[in-house]
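Q: Everything below, folded, please.
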Amino acid sequence: MSDRDAAFAEYFAARSEAMRGTAYLLCGDWHRAEDLVQATFTKLFVAWRRIQRHEALDAYTRRTLVRTFVSELRRGWFRKERVSDSPVDSATAGAGSTEDRIVLLAALAKVPPRQRAVLVLRYWEDLSVEETARAMGCSEGTVKSQAARGLQTLRGLVTPQREEMVR
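A: All right, here's what the predicted structure looks like:
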């Protein structure tokens, strides 16, 4: 194995799971998230020799992931979420109750995709407005407006779902 391949394999092993979590938040489906991560890392491997700034690799990978997601939306690959009686896949446990996570993930899946991408990058990945704009290939104003609309939509979805669970 060449040094190039070894460096890529090391980076993949270290960051693929985190990128999978981000991809899940973008698309709401673990299988689709795996596909997005695979496509992202394939693109990264192809560009690996050209990448000069390995200290900015996470930002580059995240940007590639978001662009792959948005590109699939434009091509019509993304299908709207379907209502089903089966439980929603859930992310790994974190702060808050399980019920809160289920409500939040279900509501996030209903937020329009571009708004969801902004919310995931800003509040899950903790990127600045500028970093989010670069990752999405849009203006800072678009990030701000999409974040505001996304939060408003999310709040409108979470409150009724939470009230139903409390009953």
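
Q: Run the chain-centre distance for whichever helix in the chain runs longest.
A: Ranked by residue count under DSSP state H, the longest helix found in the chain is helix 140-166. What separates the centre of helix 140-166 from the centre of its chain is 16 Å, taken as CA atoms, centre = their mean, to the nearest Å.

Q: Also stretch 138-158?
A: Worked out by CA atoms, centre = their mean, stretch 138-158 lies 15 Å from the chain centre.

Q: what do you get for stretch 56-64?
A: Chain-centre distance of stretch 56-64: 12 Å, with CA atoms, centre = their mean.

Q: again with stretch 120-137
A: In terms of CA atoms, centre = their mean, the centre of stretch 120-137 is set 10 Å apart from its chain centre.

Q: Show residues contacting it.
A: With CB atoms under 8 Å, 6 or more residues apart in numbering as the test, stretch 120-137 has contacts from 21-22, 25-26, 59, 62-63, 66-67, 70, 114, 117-118, 139-140, 142-144, 147. Using the backbone N, CA and C atoms, a C-beta is placed for each residue, glycine as well.

Q: Now with 6 Å, please.
A: With CB atoms under 6 Å, 6 or more residues apart in numbering as the test, stretch 120-137 has contacts from 25-26, 62-63, 66, 140, 143, 147.

Q: Kindly report the same for stretch 142-151.
A: Taking CB under 6 Å, 6+ apart as the rule, stretch 142-151 contacts 111, 114-115, 118-119, 122, 129, 132-133.

Q: Now, those that are in helices?
A: Judged by DSSP H, these include 114-115, 118-119, 129, 132-133 as members of helices.

Q: so which of those residues is the most crowded?
A: residue 118 (30 neighbours; other CB atoms under 10 Å).

Q: do you know how far the residue nearest to that one when sequence neighbours are not counted is from residue 117?
A: Nearest residue to residue 118 in three dimensions, chain neighbours excluded: residue 146, at 4.2 Å (CB to CB, 6 or more residues apart in numbering). Distance of residue 146 to residue 117, computed by CB to CB, to the nearest Å: 8 Å.

Q: Neighbour count for these two, which is higher?
A: Legend: neighbour count by other CB under 10 Å for residue 146 and residue 117, higher for residue 117 (28 against 22).

Q: Verify the stated contact: residue 37 with residue 19.
A: Yes. Here residue 37 lies in contact with residue 19, judged by CB atoms under 6 Å, at a distance of 5.1 Å.

Q: out of these two, which sits in the more crowded spot?
A: residue 37 (24 against 21).

Q: Now do the more buried one against residue 97, distance only.
A: On the measure of CB to CB, residue 37 and residue 97 end up 28 Å apart.

Q: same deal with residue 135?
A: 30 Å.
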